[in-house]
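Participant: Whatever this is, show me its structure:
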Amino acid sequence: MALFYAGGAFATPATADPAALAAPAAEAAPEALEAAADSGAGAASTVTIEEAAAAEEAAPGPELLDHQAVAEIDGAATSWILTSTALVLLMTLPGLALFYGGMVRRKNVIATITQSVGVAAVVSLCWFVAGYSLAFGVGQPIAGFSGEQVNAVVGGLQAMFLNGVGMETAYGAAPGLPEYLWIAFQLTFAIITPALVTGAFAERMKYSALLLFTALWTLFVYSPICHWVWGGGFLGGMGVLDFAGGAVVHVNSGVAGLVCAIFLGPRKGYGAGPIVAHNPVLTLIGASCCWWAGSVSTPARPGLRTPSPALPY
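Facilitator: Below you'll find the model as predicted:
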């Protein structure tokens, strides 16, 4: 006679407890159901991923503004522009801040250094609000002027507050870069340009006046001139190439500095005796940070289309 082990005792089929016999099967059933469910979920998940991939390929691209293109990210170029962005920003903070801070008299060191910091803050805000759009947007028809005529002078306001900018968009002339990186890179040039001007009126302008001047000058002078050369304006259309900001940054800031110096006049005490630099060591350190590696080497990479930081491919 066969014996069955059930509930800790041997029993014959006739005497075995049916509940005890069913217990192992009941314990195994949930595990089998769970395994089956996992198997079914895996199959469903595979189908879902395939369907999602197909849907993504079939989905239309992002809605683009006139100056934008669909981003086709180039990893090498993106890495290099990230590096260049940091290097150009280093030219202003702490580069120019220390360079100018070491050249003024002791009583004006803090004020001179904080001028560069204030310029960076104000320009960043202006660039976000409208500066980028004015510099790299596409001009729209206004007051009887065609869009082409307006665009020759200044960009439009479509991208105010970075409207329409996303991870899938790129500036039309730089499709290999995310547009956010392009904006940050160009911001560093927008920052250093008015920061260069501060050396022309060192020790002679109130801080509040400096901030107001910087905001107005960035929006109404720098952004349009940047558009002329790098943003598709009339100078760029004539074939003008700015290798690393020679016109947009240096000529622009030089003219502005000359005007400010003439308007404000000489420093107090000028001509009465020598004006001794506070700390030449600070100036040397600042000059070392101001090396042009970030801006000049930006175009130096494979696949360069034009020697301009505004057109880096």
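Participant: which residues in the protein form helices?
Facilitator: For the chain, applying DSSP state H gives helices covering 18-58, 75-90, 97-101, 109-126, 132-136, 147-151, 179-197, 207-217, 223-230, 234-237, 252-264, 280-289, 293-296.
Participant: Give me the residues contacting the fourth one.
Facilitator: If you take Cβ atoms under 8 Å, 6 or more residues apart in numbering as the criterion, helix 109-126 is touched by 92-93, 96-98, 100-102, 104, 131, 187, 190-191, 194-195, 198, 202-203, 207, 210-211, 214-215, 218-219, 278-279. Where C-beta positions appear, they are placed from N, C-alpha and C, glycine not excepted.
Participant: mind listing what L196 touches?
Facilitator: Counting by Cβ under 8 Å, 6+ apart, L196 makes contact with L96, V249, H250, S253, G254, G257.
Participant: Including pLDDT, could the residues you listed go into JSON lines?
Facilitator: Shown next, in JSON lines, are the contacts of L196 (pLDDT from 0 to 100):
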{"residue": "L96", "pLDDT": "94"}
{"residue": "V249", "pLDDT": "94"}
{"residue": "H250", "pLDDT": "93"}
{"residue": "S253", "pLDDT": "96"}
{"residue": "G254", "pLDDT": "96"}
{"residue": "G257", "pLDDT": "95"}
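Participant: thinking again about what came up before, can you tell me which of the helices of the chain comes nearest to A69?
Facilitator: helix 179-197 (9.1 Å; Cβ to Cβ).
Participant: Check the offset of that closest one from the chain's centre.
Facilitator: Taking Cα atoms, centre = their mean, to the nearest Å, the mean C-alpha location of helix 179-197 is offset from the chain mean by 9 Å.
Participant: I'd like the mean pLDDT over that helix, please.
Facilitator: Averaging pLDDT along helix 179-197 gives 94.
Participant: got it, and stretch 278-285?
Facilitator: For stretch 278-285, mean pLDDT is 91.
Participant: tell me the domain ranges of the protein?
Facilitator: Per automatic domain parsing, the domain ranges recorded for the chain read 4-58, 69-296.
Participant: so of the ones you listed, which one's packed in deepest?
Facilitator: Among the domains of the chain, domain 69-296 has the highest mean neighbour count (mean count of other Cβ atoms under 10 Å), at a mean of 18.
Participant: Identify the residues contacting the residue nearest to the spatial centre of the chain.
Facilitator: Nearest to the mean C-alpha position of the chain, by Cα atoms, centre = their mean, lies A184 at 2.5 Å. Listed by Cβ under 8 Å, 6+ apart, the contact set of A184 reads T85.
Participant: Check G233 too.
Facilitator: Counted by Cβ under 8 Å, 6+ apart, G233 has contacts N151, A152, V153, V154, P224, H227.
Participant: so how far is F185 from the last one?
Facilitator: According to Cβ to Cβ, to the nearest Å, H227 stands 16 Å off from F185.
Participant: now the fifth one
Facilitator: P224 sits 19 Å away from F185 when distances are taken as Cβ to Cβ.
Participant: cool, and the first one?
Facilitator: Relative to F185, N151 is positioned 22 Å away (criterion: Cβ to Cβ).
Participant: what's G164 in contact with, if anything?
Facilitator: The neighbours of G164, taking Cβ under 8 Å, 6+ apart as the test, are E63, L64, L65, Q68, Q158.
Participant: Looking at those, spot the one nearest A76.
Facilitator: For the contacts of G164, the closest approach to A76 (Cβ to Cβ) belongs to Q68, at 21.9 Å.
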